[in-house]
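[1] Provided below are the primary sequence and the corresponding predicted coordinates.
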There are 2 protein chains.
Amino acid sequence: MHKEHTLTKNQQIIFDLIDKSPEPMKAYSILFNVQKKGIKAPLQVYRALDKLVEIGKIHKIESRNAFIACHNSSCQVSKATAFSICEICEKVTEISSASLSKYLANFKDKDGMKYSKYNLEFFGLCKKCR
Amino acid sequence: MHKEHTLTKNQQIIFDLIDKSPEPMKAYSILFNVQKKGIKAPLQVYRALDKLVEIGKIHKIESRNAFIACHNSSCQVSKATAFSICEICEKVTEISSASLSKYLANFKDKDGMKYSKYNLEFFGLCKKCR
DNA sequence: ATTTAGATTGTTATAATATAACACTATGTA
DNA sequence: TACATAGTGTTATATTATAACAATCTAAAT
Ligand SMILES: [Zn+2]
Ligand SMILES: [Zn+2]
Ligand SMILES: [Zn+2]
Ligand SMILES: [Zn+2]
């Protein structure tokens, strides 16, 4: 399984924080929140984030420069991600749709180019904000 | 038609530059290239970029913080965008697939949430780099 | 147990990306 | 004209992210 890496101290501290957060967290907000645990510099945060993204424990929401924990057990090591984003309250949810991921995994463009990875971000209004 | 806005001077200068570029351009690279035309500050660039994105003349490649001109006449004012990105040479192509856009435009998540906008970025290797 | 390669850490400095605030100017239209 | 809206020029600052380097930890191979 792809989620079974042993995390280092910094990685664990930062993952726990993101995992508990109900919303995506930005790097410098993470930094602020872990300073009491001895993580003092941006690089320490970014290095942990890079690794966590690489092993699929978190995802980066590109349009928001923010990070959320992966709660999608079928999500393949960050190689195929889809999110819904509310444009009012900024709530972000990871989409887990077999038909969507199947469709996208098999998508080929005109040149027959096949892709090893994709990221999809949907924007709209969530239930609350409608 | 959505592409028929009259551009202002700064918008036109910056659009022309991006439109001629074979690859996505970053904001500060744009700034550097238009300084001889009197655009001196980042904000002047970002304001033009914001407007050009809004009216659908250009798109932002979120994973690269870069901008490309839209060459897709059926692309609806930046509300539904898809790109292929080569992870080696960084070549970016706007994908224009009727079946893909139809599939995504009609996609509904489990809550029946319907989206007003999406952005999809595929990653892989282009023909040359394979 | 010792060696060694690779990953991770701590640190300082700096680069790259993006926005706030404010005064001013152009443009269309009532 | 006069009014509203959008765009401009400018300075300053905020936010996001990486470079460089020395030190330390970890796991596996001798
Ligand atoms: Zn996931
Ligand atoms: Zn909402
Ligand atoms: Zn387009
Ligand atoms: Zn390529």
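    Cool, got the structure. Residues are numbered from 1 along each chain as shown, chains lettered A, B, ... in the order given. Ligands and ions are numbered 1, 2, ... in the order given.

[2] can we go C-alpha only for contacts and neighbour counts from here?
    OK.

[3] where do the strands sit along chain A?
    With strands called from DSSP state E, chain A shows them at A:58-61, A:66-69, A:80-86, A:92-94, A:115-124.

[4] so what's A:Leu104 closest to, chain neighbours aside?
    Distances taken as C-alpha to C-alpha, 6 or more residues apart in numbering or on different chains put A:Tyr118 closest to A:Leu104, at 8.0 Å, once the chain neighbours are dropped.

[5] ok, the one you found - how many residues close by?
    When counting by other C-alpha atoms under 10 Å in any protein chain shown, one arrives at 21 neighbours for A:Tyr118.

[6] What of the one 3 residues further on?
    Counted with other C-alpha under 10 Å, residues neighbouring A:Glu121 total 22.

[7] Show the pLDDT at A:Lys127.
    pLDDT recorded at A:Lys127 is 89.

[8] List the contacts of it.
    Contacts for A:Lys127 (C-alpha atoms under 8 Å, 6 or more residues apart in numbering or on different chains) come out as B:Met113.

[9] Can you report phi and psi for it?
    phi -50, psi -50 (degrees, to the nearest 10).

[10] ok, back up a step: so which of the strands of chain A has the densest surroundings on average?
    strand A:58-61 (a mean of 24; mean count of other C-alpha atoms under 10 Å in any protein chain shown).

[11] touching chain B at all, that strand?
    No: taking C-alpha under 8 Å from any C-alpha of the partner chain as the criterion, strand A:58-61 and chain B are apart, separated by no less than 9.2 Å.

[12] ok, what's across the strand from A:Lys114?
    Beta bridges link A:Lys114 to A:Lys108, judged by DSSP bridges.

[13] Could you tell me which residues of chain A lie near ligand 3?
    Residues of chain A lying close to ligand 3 (C-alpha under 5 Å from the ion): none.

[14] Can you tell me the closest non-neighbouring residue to the closest residue to DNA strand C within chain A?
    Nearest residue of chain A to DNA strand C: A:Asn10, at 4.1 Å (C-alpha to the nearest atom of the strand). Spatially, and ignoring its direct neighbours in sequence, A:Asn10 is nearest to A:Ala48 (6.5 Å; C-alpha to C-alpha, 6+ apart).
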